[in-house]
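# Next comes the sequence, and after it the predicted model I'd like to discuss.
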There are 2 protein chains.
Amino acid sequence: MVATEVRLVRRPDGKPVPSDFSIVDTDVPVAGPGQVLVRNHVLSVDPYMRGRMSTAKSYAEPYELGVVMYQGGAVGEVVVSNHPEFAAGDFVQHWAGWRTHSVLDASEATSVDGDAAPLSAYLGVLGMPGLTAYSGLFEVGGFAQGDTVFVSGAAGAVGSVAGQLAKLRGAKRVIGSAGSAEKVRHLVEDLGFDAAFNYKDAPVLDQLAEAAPDGIDLYFDNVGGDHLEAAIETMNLHGRIVLCGAISQYNSAEPDGLRNYRMITGKRLTLRGVLVLDHFGLRPRFLDEVGPLVRSGRLKYTETFVDGIRNAPQAFIDMLDGANTGKMIVRL
Amino acid sequence: MVATEVRLVRRPDGKPVPSDFSIVDTDVPVAGPGQVLVRNHVLSVDPYMRGRMSTAKSYAEPYELGVVMYQGGAVGEVVVSNHPEFAAGDFVQHWAGWRTHSVLDASEATSVDGDAAPLSAYLGVLGMPGLTAYSGLFEVGGFAQGDTVFVSGAAGAVGSVAGQLAKLRGAKRVIGSAGSAEKVRHLVEDLGFDAAFNYKDAPVLDQLAEAAPDGIDLYFDNVGGDHLEAAIETMNLHGRIVLCGAISQYNSAEPDGLRNYRMITGKRLTLRGVLVLDHFGLRPRFLDEVGPLVRSGRLKYTETFVDGIRNAPQAFIDMLDGANTGKMIVRL
C-alpha cells in the first residue's frame, strides 16, 4: 500500500500554479506507541493557506518548503490505534494537512460523530469555517438583533454560515456579495439572504448602497480591498466590522491601501480581527447550537468536491479564484 | 463698543491661509429674554476644525461660508444675564466660536469654576481635549494597568493628557512622538513619558520599534498615516488602537491609504474611533478625577498663547503646522 502527500516546493509569485507543489508517493507511515494511523477521507483547502505560503510576517510562521502542506484540516478513519481513546473505525478530525494517511498523537485528533453529519461537514459548516463565522459574529462582532449585516464572500465556507446565522438570530436584513450570478441566486433563493449582488457587475459601493438604503451595522469581511472601503462608507454610526479575511489581496504583492480609514473616527466604528484559534473554547457551544440547525436543514451548506489527492493543488488554486460555492473539499 | 468676529470666507485648498478668513467688526449683540451676553476671554483652535472646512462627508456638517467660525470652544465672562441661572461676573464655557462677544441661550452655557483653574484650562486639559483623552483611553481603548502605550501628537492638547493619564493609571511604559527636539524633551523631562522621539528624525517605524522593544498594547492615534501603519506593525497580539485624529492627513486632498490593515486580522487588533461628543456624560467623573490632578500639579499642561481675535486664523494655521506645545489658545 502506498501513501501520497502534497508538498509545497516553491513560494507562489502572485497566483499559485500547480508547479508550486509536488505530489509524492511514500510508504504508509507507522503508528508508534500512543499514536493512531488515520486514512483520510476529506481534506480542506482554505484561503488562509495562501498567506502562509509567503514569507511575509503574519500570525503564523510561513510554511516550510519541501515538506507536506501541513496544518490543514482533514477528517478520516482510524485504521490502527495504539491509544485507548480511539478504536479502528472511529472518525477523527485533525490538522495534518494534504496527505492520504496521517500518523497522529492522540492529542492531535478530535473525535467527530460520523452519524450526526457527513464527514465533510466537519471541514466546513461544523468545522473551522463554521466556528470562524460563529465566533466572528457573536464574540468579536457583537452581533445584535435588528442589525443590518453585510457579508462579503458570502457564498464561501465562512460567509455562507455567517449570513445564515445572522438571519437565524434576528438580523433585520442580511446582504451578501459574491462573484457570479449563480452564487447570487444561491444566496437569495437557497440561503435566505435578503439581498445579494455580484461584485463584478458594478462598483461594490454602488451596489451595497442600493442593497442597504438604511446603511449597515455589522460587516463581516472576507474580501478586503474595495469591499472594505465600501462597507466603511456605508456603515452607520457606531457600526462594527469583523475583519476575517481579505481574499482580494492574497495574491497581490502590493496590497491596496485602505483609503477611507479616517471615517472610522468620524463614525466611531469598531474594526476587529478574528482568528478562529482564539475561539476553540467555543466549539462545544457552537456544535450544540449549530449542529441541530444543520441536521434540521434550517442552516444550509454547500460543498464543492474535487476528487483525489493529486488534485488538491488545483482545488486550492480554483478556490482562490472563487470557483467553489460553499466549502471546497478534496475527497480521497 | 465694538464686537469682532472671524468668518470663514473660502474653503482652504490644502493648508489654510489667512485670506480664507475675514475679520469683521460688528455691533455688540444684545441678549434677549432668557439669554446671556458673554465677553470671551479665551478661544479654542482645534485640529477637527480643519475637517469641517472641507465639504468632504464627515461626522459633522461642513462649516458654512460667510459666517462666523461657529462651534468652537470658548470661555468668557457673563456681562449681561437675562436668566436666573447666571449672574454678571460668572464664567461660562460655550461653543459659539471665534468672536469677542457671544449671546447664548442659557442651555448653551456651562458654568466653570474660575478659582479652581485658569479659564484657559477649560479649553484644554479640563475641556474637550482632556475629555477626549480620558474617554479615548478608558472608555474606547480599554486601557489596562501594565499596558505599554504609544501616543502620537503627544505634545498636543489631547496627546499630552492621554500620555500622562496612562502613566498615572499604571501603564508599564508610555511612549510619545512629536515634531521637534524641544517637544521630545518636554515629553520626557516635564511630562514623565518613558520615551519619546521626533518623527522628523527617522522613519516612525524604526524609532517606535526602538522605543518599544516589547511591542505596544495600546496606541492613541492623533496623527494617522505612517504613524498608524507603524503602530499596527508594532502592536502586540490583541492590541487596541484608539483613532482620535489624523493630523498628518487633514491638509491632503488625497489621503494616504493604510497599507497594512491585513495585520488587524492576524494580530486580532481592535481599532475604534473616538469622538468626544459621545462622552459628554463622563464630564462630571472626568472633572472629579482630573481636576485634582491638575490642581496638585501631578498632571501638567502647557499652553501656547496667541493674543487677539485678529490672530485667530494664524493661530489655527500654526497649530496645524505643529507650532504649539500643548493647547493652542487665543487670548482676547
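That came in fine, so what should we check first?
# what's around the closest residue to A:Val67 other than its chain neighbours, how many residues?
Residue nearest to A:Val67 in three dimensions, not counting chain neighbours: A:Arg7, with 5.9 Å by Cβ to Cβ, 6 or more residues apart in numbering or on different chains. Heads up, the C-betas are built off the backbone N, CA and C, glycines and all. As a burial measure, the neighbour count of A:Arg7 was computed by other Cβ atoms under 10 Å in any protein chain shown and equals 20.
# I'd say A:Arg7 and A:Tyr70 touch.
No. Between A:Arg7 and A:Tyr70 no contact is recorded; they are 9.7 Å apart, counting by Cβ atoms under 8 Å.
# For the closest residue to chain B within the stretch 101-250 of chain A, the count of nearby residues, please.
Among all residues of the stretch 101-250 of chain A, A:Leu243 sits closest to chain B, at 4.6 Å; criterion: Cβ to the nearest Cβ. A count of nearby residues for A:Leu243, using other Cβ under 10 Å, gives 29.
# For it, give its distance to A:Gln249.
12 Å (Cβ to Cβ, to the nearest Å).
# now the strands: where do they sit in the stretch 101-250 of chain A?
In the stretch 101-250 of chain A, the strands defined using DSSP state E, counting those that start in this stretch lie at A:101-105, A:110-111, A:148-151, A:173-178, A:195-198, A:216-221, A:235-243.
# Out of the ones you listed, which is closest to B:Leu37?
Between B:Leu37 and those, the shortest separation by Cβ to Cβ is 35.4 Å, and it involves strand A:235-243.
# Who is A:Thr26 paired with across the strands?
On the basis of DSSP bridges, A:Thr26 takes part in beta bridges with A:Ala3.
# anything in contact with each of A:Leu243 and A:Gln249?
Jointly contacting A:Leu243 and A:Gln249 under the rule Cβ atoms under 8 Å, 6 or more residues apart in numbering or on different chains are A:Gly224.
# Domain ranges for chain A, per the record?
Using automatic domain parsing, the domains assigned to chain A come out as A:2-124+A:301-331, A:128-277.
# if I pick A:Lys172, what's in contact with it?
When contacts are counted by Cβ under 8 Å, 6+ apart, A:Lys172 touches A:Gly146, A:Asp147, A:Thr148.
# roughly how far apart are it and A:Asp194?
Applying Cβ to Cβ, the value for A:Lys172 to A:Asp194 is 9 Å.
# Check whether the residue of the stretch 101-250 of chain A closest to chain B really touches A:Leu271, as I assumed.
Yes. A:Leu243 is in contact with A:Leu271 according to Cβ under 8 Å; the separation is 5.9 Å.
# for stretch A:25-35, which positions count as buried?
Counting neighbours by 16 or more other Cβ atoms under 10 Å in any protein chain shown, one finds that the buried residues in stretch A:25-35 are A:Val28, A:Pro29, A:Ala31, A:Gln35.
# from the chain's centre, how far out does that stretch sit?
29 Å (Cα atoms, centre = their mean, to the nearest Å).
# Now the terminal residues of it, how far apart.
22 Å (Cα to Cα, to the nearest Å).
# Chain neighbours aside, what residue packs nearest to A:Cys47?
Residue A:47: Pro, not Cys. A:Ile247 (5.1 Å).
# Also A:Phe316?
On the basis of Cβ to Cβ, 6+ apart, the spatially nearest residue to A:Phe316 that is not a chain neighbour turns out to be A:Val45, at 4.1 Å.
# got the contact list for the one you found?
Residues in contact with A:Val45 (Cβ under 8 Å, 6+ apart) are A:Gly72, A:Trp98, A:Ala312, A:Ala315, A:Phe316, A:Met319, A:Met328, A:Val330.
# circling back: near the residue nearest to A:Pro47, how many other residues are there?
If you count neighbours by other Cβ under 10 Å, A:Ile247 ends up with 24.
# now A:Gly142
Here the neighbour count serves as a burial measure; for A:Gly142 (other Cβ under 10 Å) it reads 14.
# if I pick the closest residue to A:Ala166 other than its chain neighbours, what's in contact with it?
Taking Cβ to Cβ, 6+ apart, and ignoring the residues beside it in sequence, A:Ala166 has A:Val149 as its nearest neighbour in space, at 4.4 Å. A:Val149 makes contact with A:143, A:162-163, A:166, A:171, A:173-175, A:216-220, according to Cβ under 8 Å, 6+ apart.
# List just the nearest of the residues you listed to A:Ala106.
Set against A:Ala106, the nearest of these by Cβ to Cβ is A:Ala162 (32.7 Å).
# Isn't that closest one up against A:Val140?
No. Under the criterion of Cβ under 8 Å, A:Ala162 makes no contact with A:Val140, lying 11.2 Å away.
# Compare these two (neighbour count), which wins?
More crowded of A:Ala162 and A:Val140, by other Cβ under 10 Å: A:Ala162, with 32 against 24.
# residues in contact with the more buried one?
Residues touching A:Ala162, when contacts are defined by Cβ under 8 Å, 6+ apart, comprise A:Ala133, A:Gly136, A:Leu137, A:Val149, A:Val151, A:Ala154, A:Phe220.
# Provide a list of residues in contact with the residue of the stretch 151-300 of chain A found nearest chain B.
The shortest separation between the stretch 151-300 of chain A and chain B is 2.0 Å, found at A:Gly257 (distances taken as Cβ to the nearest Cβ). Contact analysis of A:Gly257 by Cβ under 8 Å, 6+ apart lists B:Asp256, B:Gly257, B:Leu258, B:Arg259, B:Tyr261.
# Also A:Tyr70?
When contacts are counted by Cβ under 8 Å, 6+ apart, A:Tyr70 touches A:Tyr63, A:Trp95, A:Ala96, A:Gly97.
# Likewise for A:Ala155?
Neighbouring residues of A:Ala155 by Cβ under 8 Å, 6+ apart: A:Gly176, A:Ala178, A:Gly179, A:Lys183, A:His186, A:Leu187, A:Thr302, A:Thr325, A:Gly326.
# 6 Å instead, please
For A:Ala155, the contact set (Cβ atoms under 6 Å, 6 or more residues apart in numbering or on different chains) comprises A:Ala178, A:Lys183, A:Thr325.
# can you redo the residues you listed as TSV with pLDDT?
Output for the contacts of A:Ala155, formatted as TSV (pLDDT from 0 to 100):
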residue	pLDDT
A:Ala178	97
A:Lys183	95
A:Thr325	84
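# Buried ones among those residues?
Those of these that meet the buried threshold are A:Ala178, A:Lys183, A:Thr325, by 16+ other Cβ under 10 Å.
# gap between A:Leu218 and A:Gln35?
Distance of A:Leu218 to A:Gln35, given as Cβ to Cβ: 44 Å.
# Could you do A:Leu43 as well?
Where A:Gln35 is concerned, A:Leu43 sits at a distance of 20 Å (Cβ to Cβ).
# same check, this time on A:Arg262
On the measure of Cβ to Cβ, A:Arg262 and A:Gln35 end up 54 Å apart.
# With adjacent residues omitted, what lies nearest to A:Thr110?
Leaving aside its chain neighbours, A:Thr110 sits nearest to A:Gln93 (4.8 Å; criterion: Cβ to Cβ, 6+ apart).
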